[in-house]
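Q: My questions concern the predicted model and sequence given below.
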Amino acid sequence: MYSIELTIKLSPLPLIVQRKDHSDAKRLYSEVIDFMKKDNQRLLELTCEKVEDKKITVLVSEIIAVQIYEKTSSSGSSKRPGFSLQN
């Protein structure tokens, strides 16, 4: 399972949606980046593959960061998001 995490201005909690396939997660990540680059796009609606009927609509101008990371199913934990000096 792969998580796509959006950091929103003035919000302490990130918005997270998940994709089962790495290619789908990369595609969504690229889509979010493309929306952030365009000035004419105002809203972005995201759905989650893990939780049915979970939808999030975000004002694109409020997104300040987006990241993608893999959540391992064997241990229930996830790789540490962001950048780290530790492996």
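A: Alright, I've got the coordinates.

Q: Might you report the residue contacts of the closest residue to His22 other than its chain neighbours?
A: The shortest distance from His22 to any non-neighbouring residue, by CB to CB, 6 or more residues apart in numbering, is to Tyr2 (5.8 Å). For glycine as for every other residue, the C-beta is placed from the backbone atoms N, C-alpha and C. Contact analysis of Tyr2 by CB atoms under 8 Å, 6 or more residues apart in numbering lists 18-22, 24-25, 68-71.

Q: Val51 versus Tyr2, what's the distance?
A: 14 Å (CB to CB, to the nearest Å).

Q: got any ranges where this protein has weak pLDDT?
A: 39, 72-87 (pLDDT under 70).

Q: Run through the strands of it in chain order.
A: 2-8, 15-19, 43-47, 55-59, 63-70 (DSSP state E).

Q: Save the ones you listed as CSV, and put in distance to Ile33 too.
A: Converted to CSV, the strands of the chain look like this (distance: least, CB to CB, whole Å):
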stretch, distance to Ile33
strand 2-8, 11
strand 15-19, 15
strand 43-47, 11
strand 55-59, 13
strand 63-70, 7
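
Q: Out of the ones you listed, flag the one nearest Glu31.
A: Nearest to Glu31, of all those, is strand 43-47, at 8.0 Å by CB to CB.

Q: Alpha carbons of that closest one, as CSV, please.
A: Coordinates of the C-alpha atoms in strand 43-47 are reproduced here as CSV (Å, rounded to 0.1, in the frame of the first residue of the first chain):
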residue,chain,number,x,y,z
LEU,A,43,-10.1,22.3,-6.7
LEU,A,44,-8.6,18.8,-6.6
GLU,A,45,-10.8,15.8,-5.5
LEU,A,46,-9.0,12.8,-4.2
THR,A,47,-10.3,9.3,-3.4
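
Q: Give me the contacts around it.
A: So strand 43-47 is contacted by 4, 6, 15, 17, 28, 31-32, 35, 54-60, 63 (CB under 8 Å, 6+ apart).
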